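**Student:** The following block contains a protein sequence and its predicted model.
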Amino acid sequence: MGGNLFWNKMMGLSGILGGFILFIGDMLLYYGPINTNFYLNMASASDFRIIASGVSALFATWFYLIGMGHIFNAFKPTRKALRTLVLICFGCILVSYGIVHGAFIAIATSAKLSTQFNLDIEAAILLARETNQTMRMFVYPIFVLLSFIFISQVWNKNTLYPRWIILFYPLIPFLFQDIICKHIPESLTIIVCGGYLNIILIIFFTASSIALWNKKS
């Protein structure tokens, strides 16, 4: 049992690490010390930053997927079909994190070329941005299904999670994203809003690790 508890902790920490890696990948693309325009910052990013950001998505996705084992263990008391569905939904979402981030490399490259060849930046990134948005549309229904199962099962005490974990489940901060991004200081816009989706997973995996730290599956 001690070994299982150890590996469960490691899987939770893996999810946190995946979040931090992809957050750094976000900052490699978006962050600029002066400008708060995401696309202009991507246009001025060095080749190294763009490549490193793309590579970060690969490693972050691996760590995120390892972190899924932590969630799977928390749902062991539930019915097998629900547990499997949670695993599939979480897997689809976490893989999409890496793929969607990788699609931002096309946006960054298009923005960079637009400044080099004096092209209109909005026109240059349009196709890549539309592709990115289209991919996200396939993820939202999966997120809705996962949220219903996760919240209902936790609330009914069918998992190892305490009910308070619902406050840190990604749906809650996701719903407040626009409000938060509109009311934070401008100096924090790139950091908070640019890395928001990974920040909410860092928060979730941290809360999950705390909740399950000494619980045997």
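**Tutor:** Happy to help now that I have it.

**Student:** just checking, next helix/strand downstream of the strand or helix carrying residue 193?
**Tutor:** Using DSSP states H and E, residue 193 maps to helix 189-194. Downstream of helix 189-194, the first helix or strand assigned by DSSP H and E is helix 196-212.

**Student:** Restrict that following helix to CA atoms and write it as CSV.
**Tutor:** Backbone C-alpha positions of helix 196-212 (Å, rounded to 0.1, in the frame of the first residue of the first chain) are rendered in CSV as follows:
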residue,chain,number,x,y,z
TYR,A,196,-4.6,31.0,-17.6
LEU,A,197,-5.6,27.6,-18.9
ASN,A,198,-2.5,26.0,-17.5
ILE,A,199,-2.7,28.0,-14.3
ILE,A,200,-6.1,26.4,-13.6
LEU,A,201,-4.7,23.0,-14.1
ILE,A,202,-1.8,23.8,-11.8
ILE,A,203,-4.3,24.8,-9.2
PHE,A,204,-6.4,21.7,-9.7
PHE,A,205,-3.6,19.2,-9.5
THR,A,206,-2.2,21.0,-6.5
ALA,A,207,-5.6,20.9,-4.7
SER,A,208,-6.0,17.2,-5.8
SER,A,209,-2.6,16.3,-4.5
ILE,A,210,-3.3,17.9,-1.1
ALA,A,211,-6.7,16.2,-0.9
LEU,A,212,-5.3,12.8,-1.7
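
**Student:** on contacts alone, who are the packing partners of that helix?
**Tutor:** Counting contacts by 3 or more Cβ pairs under 8 Å, 6 or more residues apart in numbering; DSSP states H and E, helix 196-212 is packed against helix 2-30, helix 47-74, helix 80-116, helix 171-175, helix 177-183. (Glycine included, C-beta is placed from N, CA and C.)

**Student:** If you tally nearby residues, what's the number for the residue nearest to residue 96 when sequence neighbours are not counted?
**Tutor:** Sequence neighbours aside, residue 139 is the residue nearest to residue 96 in space, at 4.8 Å (criterion: Cβ to Cβ, 6 or more residues apart in numbering). By other Cβ atoms under 10 Å, 17 other residues sit near residue 139.

**Student:** give the contact list for the nearest residue to residue 29 once chain neighbours are set aside.
**Tutor:** Closest residue in space to residue 29, ignoring its immediate chain neighbours: residue 53 at 4.8 Å, by Cβ to Cβ, 6+ apart. Counting by Cβ atoms under 8 Å, 6 or more residues apart in numbering, residue 53 makes contact with 25, 26, 28, 29, 45, 101, 104, 105, 108.

**Student:** List the contacts of residue 207.
**Tutor:** By Cβ under 8 Å, 6+ apart, residue 207 lies in contact with 165, 167, 168.

**Student:** Just the buried ones from these?
**Tutor:** Among the contacts of residue 207, the ones that count as buried by 16 or more other Cβ atoms under 10 Å are 165, 168.

**Student:** Show the low-confidence segments of this protein, by residue range.
**Tutor:** Scanning the chain for pLDDT under 70 picks out the ranges 1-3, 34, 216-217.
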